[in-house]
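Colleague: Sharing a model that was predicted from the sequence below.
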Amino acid sequence: MGPDAVSSPAELFDITGKTALVTGGSRGIGFMIAQGLAQAGARLVIASRNEEELTAAAQRLRQIGEVEVVPADLSSPDGAAALAQAVRERFEALSILVNNAGTSLHAPLEEYPASGWDTVMRTNVEGMFHLTVGLLPALRAAASSEDPARVINIGSVDGIQLGPLRHNYAYSASKAAVHMLTRHLAKRLAPEQIAVNAIAPGPFPSKLTARLLEDPEARKAVETSVPLGRFGQPDDAAGLALFLASRAGAYLTGAVIPLDGGLTGCA
């Protein structure tokens, strides 16, 4: 292929044989992304705190491709270090890291518990940071100038603007921190051929939005607020993650990409 030729679509999005870790991969957006990466040929490790959900998710994903599981709690540096070690024992080189694990707590302002604030920040921000640092040797081993290693951080539109969920003070603050951490890591790691980007999802079916989905009026209000008029679907999350993980997204780093049906872009 000549220097000016464009790869075929199949080549652009091919990740066959690449190694990937998806944290929080047992449900919600994490599972959607894990499913998309598995269908595209990646060798996966999924991690989650809930071993029962993790086992069930792995059974579904193994119908598609090669999947291993590691129970992990990223709310402490020790938990992040243990997961990094477990992944490095499985994969000498890690091509794709999807930092999706997160938690949330909703409470009125003057009743917001300090312990809950700390748990959200430790899991959503500190856990992401410590895990990424712990996996740098494996990411460096997978990186090249033609095909950088990829780190995909899952932020939120709630880290960009106020959304319909009330009293989520720590969650929205943590996701804004994720976006800035993404930019810091991208600038620092670009010379080492490690690309770091963030996805900022809008409304998707998840534990966080379960109450909205169960209430027809609340669901309709959210759908009406989204210019494209719907909640996100699995293909939406998997498609953007696959773009960022493949040759198609190899020249992108430091970006925070809203995946929200126009919620922020059309505001």
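Modeller: Yep, it's here.
Colleague: quick check, residue 34 in a helix?
Modeller: Yes. Secondary structure of residue 34 (DSSP: H, G, I helix; E, B strand; the rest coil): part of a helix.
Colleague: Could you check the pLDDT of it?
Modeller: Per-residue confidence (pLDDT) for residue 34: 98.
Colleague: Going by residue numbers, what spans are helices in the stretch 101-250 of the chain?
Modeller: In the stretch 101-250 of the chain, the helices defined using DSSP state H, counting those that start in this stretch lie at 114-121, 127-134, 136-142, 169-189, 210-214, 216-225, 234-245.
Colleague: Is it possible to get JSON lines of those helices that adds mean pLDDT?
Modeller: Below are the helices of the stretch 101-250 of the chain laid out as JSON lines (pLDDT from 0 to 100):
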{"stretch": "helix 114-121", "mean pLDDT": "96"}
{"stretch": "helix 127-134", "mean pLDDT": "98"}
{"stretch": "helix 136-142", "mean pLDDT": "98"}
{"stretch": "helix 169-189", "mean pLDDT": "97"}
{"stretch": "helix 210-214", "mean pLDDT": "74"}
{"stretch": "helix 216-225", "mean pLDDT": "87"}
{"stretch": "helix 234-245", "mean pLDDT": "98"}
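Colleague: Nearest to residue 22, out of these?
Modeller: helix 234-245 (8.8 Å; CB to CB). From N, CA and C alone the C-beta is placed, and that goes for glycine too.
Colleague: Show me what the following helix or strand past the closest one pairs with in its sheet, parallel or antiparallel.
Modeller: For helix 234-245, the following helix or strand on the C-terminal side (DSSP states H and E) is strand 256-259. Here strand 256-259 is paired, per DSSP bridges, with strand 194-201 (parallel).
Colleague: returning to that earlier point: out of the helices of the stretch 101-250 of the chain, nearest to residue 65?
Modeller: Here helix 234-245 is closest among these (CB to CB), at 13.3 Å.
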